[in-house]
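Peer 1: sequence isn't available, so here's the structure alone:
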């Protein structure tokens, strides 16, 4: 489906590549590992995004780094666009083949190559998913905390600088990738750093490539930080009279240095939907869901200190538990939030926004966004990684309703501009992709020219995921 | 003094700039704010480094961003090198004017522009020093933890990706800079990001510029993360039969998730020197010094858990205290380590190395380095940020003793190569500067070509701190 007004503007950039020759050479090189079947090509663009699918001309199923390198070399020869593909859970159209070209599917590169418990890292191929990694790690007492919700591939998560519910304690992909191996646009394979915990050796290519959305190279190996599985994990829940009370409580909790692992906000509309869907009895007020990690006494102390602070801000119905089953029950509303929203409007399409602002501006941003939902008569619920100032409006829209789509576009435009005005960003964790290119310029102005210079220096023919970010 | 053999190799790159015209125009523009006096120029290169001082042709004392912009524009017009200058505490010759040019002194840009306790950040000018900032913050209950030892400027600390003793808990500058304003080589002023805690908006220019050693632009404003001052800070001390026992204990402590704030290693020779200099009575064995941050009960728990773990690795004489005065006494050996080493050979010159390896390889790296000290008959003590795998050999050498300098060069070469072979880096926190360029290539191979491409794209005339990193 296509709901965004301006998305076709980019196609004035036309690639002058010899598609046929590229396909011929890839077929010769890869045989069964290369497909031009329409259904396969469709599977590689028609994913969780609001943008119109555009098909690649073929899909390489890479088994290893050498396959990636060969594909890039062939595509480079014919100036043919390359679109790296993980599990397709990107929300910003990252895997759409805007100018055709070749999708490089990395799912078969799913090996966990090495785990160093002493040094606290794992070396994985890009097709490894976060759930796969955590299952593998279970017996080591270690885990990888970044949790964007979807069972995304770690290559994809690195490419969009994903984060999610426990970024407030463990950071984003940017904070947790130690080193990368990449095939660069000219086919050269590089490593961005060695595996020491710190380095001041040269430019930080690791963090340049993390979040570059496949526009600078293809990640073929990732070294990521691991953490000890906490002795105790406790869940908590508390309601507030208003969003403002909830965010002010969170600010105090963070200032007090309580190392909360997750702190999620649901607005009253989301709570209503969750009550219906998950048969809960929550008071229909803004809700915070917490998770505390640590030793038994530390978790107890965190939870007690937390309950004292939130009480000062009108926090009600505080409950917490370190019993696994009860914790899952407490968190049910959050786990089911996506389905609860979808179940309200099963015939409509789902869209998630992704602004992030300094936490002191969060309640203002959410309040104005709620007003806009009313003003534009749109159906949406708000869930937020409130400790980071990041929230998502889960919208359900009818792509066939022209008036609604017009309103949606105004709403989305207001939201991104509002976040930028509040010194925040149009994207906290999903990336720019296709849809937010104009907001990147509004947000960072002239620095985008320097980003483009970097892109041109590393990918002079603009073959790596063209039409994304810029 | 000059002790490194290969440092002159770089001067084959000759700048064809019109020095006289640049100086004339800067004099006209800046009057009293521009100096060509020899003593002033000397003050701007002759700093804490082992490299031969080379003087700039003049020094601009910038008062604000516009001064920086104008200086860069004039220098750009004449293709004249620019060397940003903070307090000159860099150890790798970063402020040497290898090709002449203009030093831009940023010390007068020392304003703390804004502190947001709610959002946990401060906005500062680059000349603010870390001690100045922490004095300013005292009443807010917040602090900035990065502590490289010297009272460095925050602009300088960002430029070299500094860290120091409590990086093990709070990370490096890379982890603590939220956003930068910079004057780029073409005179354009950019901000690298807004002030949200997370962002996936475009390439991460913040972290590209942090650690770029003044080669990509001049930092004119820094937004940095602040932390709540811990309720309790406890110090601790424990000795070990061997370096291996000490590092294995540290590995277990980190795996167990004890959030130690500082964990510093002194080798037996360093302990001996500290006993002499600071009149201490420490057993002459490898020594760990600790700091625990947290609530009263959390610090108690950390310290108890710590002492249990280290006992399994032969840890002896464990002491800990949350009394300020006693803590300073415990830490005296670390605070005085630099002076203790210098006092052993007061007539010689001081050099600090800076390798960093995965912690599982640390004891091997230190042991071989100690053997090399003996083999090459060099005088050196080892202090290490052991939780990060980063250690410094504090060497005292006689620059007039040709044989010693020859041995020193072999020792330094072995050390960098050893760290790289152990999957580590030639520099954990000091930067590449002038002296480690060849090791950057040994460490990261082909990826250095991509760094150079980025440098060329952003600074086509190579005017920003030329001869550093590459």
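Peer 2: Great, that's in hand. Predicted, not measured: the structure shown is a model, and the values here were computed from it. Numbers count the residues shown, from 1 in each chain, chains lettered A, B, ... in the order given.
Peer 1: hey, let's count contacts and neighbours off CA atoms from now on
Peer 2: Will do.
Peer 1: what does the stretch 351-470 of chain A put close to chain B?
Peer 2: Proximity of the stretch 351-470 of chain A to chain B (CA under 8 Å from any CA of the partner chain) is limited to residues A:356-360, A:388-390, A:420, A:423-432, A:440, A:443-448, A:450-451, A:453-454, A:457-458, A:469.
Peer 1: now which of those would you call buried?
Peer 2: Of all these considered here, the ones buried according to neighbour count by 16 or more other CA atoms under 10 Å in any protein chain shown are A:356-360, A:388-390, A:420, A:423-432, A:440, A:443-444, A:447-448, A:450-451, A:453-454, A:457-458, A:469.
Peer 1: can you tell me the element residue A:327 falls in?
Peer 2: Using DSSP states H and E, residue A:327 maps to helix A:324-330.
Peer 1: if we look at that helix, which residues are touching it?
Peer 2: Residues from elsewhere that reach helix A:324-330, judged by CA atoms under 8 Å, 6 or more residues apart in numbering or on different chains: A:234, A:235, A:236, A:237, A:289, A:320, A:321.
Peer 1: three-state assignment of the third one?
Peer 2: By that I understand residue A:236. Under DSSP: H, G, I helix; E, B strand; the rest coil, the three-state class of residue A:236 is strand.
Peer 1: grab the nearest non-local neighbour of it.
Peer 2: Nearest-residue entry for residue A:236: residue A:320, 4.0 Å, with adjacent residues in sequence omitted and distances by CA to CA, 6 or more residues apart in numbering or on different chains.
Peer 1: I'd like to know how far the one you found sits from chain B.
Peer 2: Taking CA to the nearest CA, to the nearest Å as the criterion, residue A:320 is separated from chain B by 20 Å.
Peer 1: hmm, that residue is touching residue A:289, no?
Peer 2: No. Taking contacts as CA atoms under 8 Å, residue A:320 lies outside contact range of residue A:289: 9.6 Å.
Peer 1: please list the residues of the stretch 201-350 of chain A that sit near chain B.
Peer 2: That would be A:201-205, A:207-209, A:211-212, A:227-228, A:230, A:251-252, A:255-257, A:298, which are the residues of the stretch 201-350 of chain A within reach of chain B (CA under 8 Å from any CA).
Peer 1: those in strands, which ones?
Peer 2: Counting by DSSP state E, the members of those that fall within strands are A:227, A:228.
Peer 1: could you flag which of the residues of the stretch 201-350 of chain A next to chain B are buried?
Peer 2: Buried residues within those, counting neighbours by 16+ other CA under 10 Å: A:201-205, A:207-209, A:211-212, A:227-228, A:230, A:251-252, A:255-257, A:298.
Peer 1: okay, domains of chain A per the record?
Peer 2: Chain A breaks down into these domains under automatic domain parsing: A:7-107, A:232-337.
Peer 1: lowest average pLDDT across the ones you listed?
Peer 2: Averaged per stretch, pLDDT over the domains of chain A is lowest on domain A:7-107, reaching a mean of 88.
Peer 1: and that one, how far from the chain's centre?
Peer 2: Remark: domain A:7-107 is offset 21 Å from the chain centroid, using CA atoms, centre = their mean, to the nearest Å.
Peer 1: what about it, near chain B?
Peer 2: No. Counting by CA under 8 Å from any CA, chain B has no neighbours in domain A:7-107; the shortest distance is 11.5 Å.
Peer 1: and the closest residue to residue A:23 other than its chain neighbours, bridged to which residues?
Peer 2: For residue A:23, the nearest residue in space outside its immediate sequence neighbours is residue A:58; the separation is 7.1 Å by CA to CA, 6+ apart. When bridges are called by DSSP bridges, residue A:58 pairs up with residue A:102.
Peer 1: doesn't residue A:83 make contact with residue A:58?
Peer 2: No. Under the criterion of CA under 8 Å, residue A:58 lies out of contact with residue A:83, with a separation of 10.4 Å.
Peer 1: mutual contacts of the two, please.
Peer 2: Both residue A:58 and residue A:83 are in contact with A:101, A:102, A:103, where contact means CA under 8 Å, 6+ apart.
Peer 1: tell me how far the second one lies from residue A:45.
Peer 2: Look at residue A:102 and residue A:45: by CA to CA, to the nearest Å, they are 11 Å apart.
Peer 1: one more: the first one?
Peer 2: Distance, residue A:101 to residue A:45, by CA to CA: 12 Å.
Peer 1: between the two, which one's more packed in?
Peer 2: Per other CA atoms under 10 Å in any protein chain shown, whichever of residue A:101 and residue A:45 has more neighbours is residue A:101, with 28 against 25.
Peer 1: what residues are up against the more buried one?
Peer 2: With contact taken as CA under 8 Å, 6+ apart, residue A:101 is in contact with A:19, A:56, A:57, A:58, A:80, A:81, A:82, A:83.
Peer 1: one more time with 10 Å, if that's ok
Peer 2: Taking CA atoms under 10 Å, 6 or more residues apart in numbering or on different chains as the definition of contact, the neighbours of residue A:101 are A:15, A:17-19, A:22-23, A:55-59, A:75, A:79-83, A:463-466.
Peer 1: count of residues packed around the nearest residue to residue A:234 once chain neighbours are set aside?
Peer 2: Among residues not flanking residue A:234 along the chain, residue A:322 sits closest, at 3.9 Å (CA to CA, 6+ apart). Summarising burial for residue A:322: neighbours were counted as other CA under 10 Å, giving 19.
Peer 1: these two touch, right, residue A:322 and residue A:295?
Peer 2: No. In this structure, residue A:322 is not within contact of residue A:295 by CA atoms under 10 Å, at 11.1 Å.
Peer 1: who touches both of these two?
Peer 2: Common neighbours of residue A:322 and residue A:295 (criterion: CA under 10 Å, 6+ apart): A:232, A:233.
Peer 1: quick check: phi and psi at residue A:96.
Peer 2: For residue A:96, the backbone dihedrals (degrees, to the nearest 10) come out as phi -70, psi 140.
Peer 1: for it, give me its contacts.
Peer 2: Applying CA under 10 Å, 6+ apart, one finds that residue A:96 lies in contact with A:42, A:44-47, A:49, A:51-56, A:83-85, A:88, A:103, A:433-434, A:465-468.
Peer 1: what sits in contact with each of residue A:101 and residue A:45?
Peer 2: Here residue A:101 and residue A:45 share the contacting residues A:55, A:56, A:83, scored by CA under 10 Å, 6+ apart.
Peer 1: with adjacent residues omitted, what lies nearest to residue A:383?
Peer 2: Excluding its sequence neighbours, the residue lying closest to residue A:383 (CA to CA, 6+ apart) is residue A:266, at 4.6 Å.
Peer 1: could I get the pLDDT score of the residue lying closest to residue A:173 once chain neighbours are set aside?
Peer 2: The shortest distance from residue A:173 to any non-neighbouring residue, by CA to CA, 6+ apart, is to residue A:161 (5.1 Å). pLDDT recorded at residue A:161 is 98.
Peer 1: count the residues that sit near residue A:161.
Peer 2: Residue A:161 is surrounded by 28 other residues when neighbours are defined as other CA under 10 Å.
Peer 1: same thing with residue A:20?
Peer 2: Taking other CA under 10 Å as the neighbour definition, residue A:20 ends up with a count of 11.
Peer 1: re earlier: and the residue nearest to residue A:173, backbone torsions?
Peer 2: Given degrees, to the nearest 10, the pair of backbone angles that residue A:161 has is phi 50, psi 60.
Peer 1: what's near enough to touch it?
Peer 2: With the criterion set at CA under 10 Å, 6+ apart, residue A:161 makes contact with A:155, A:172-177, A:207, A:209-213, A:428-431, B:198-201.
Peer 1: so which of the residues you listed are in helices?
Peer 2: A:155, A:173, A:174, A:175, A:176, A:207, A:209 (DSSP state H).
Peer 1: of those, which is the most crowded?
Peer 2: Busiest of the ones in helices among the contacts of residue A:161 [other CA under 10 Å] is residue A:155, holding 32 neighbours.
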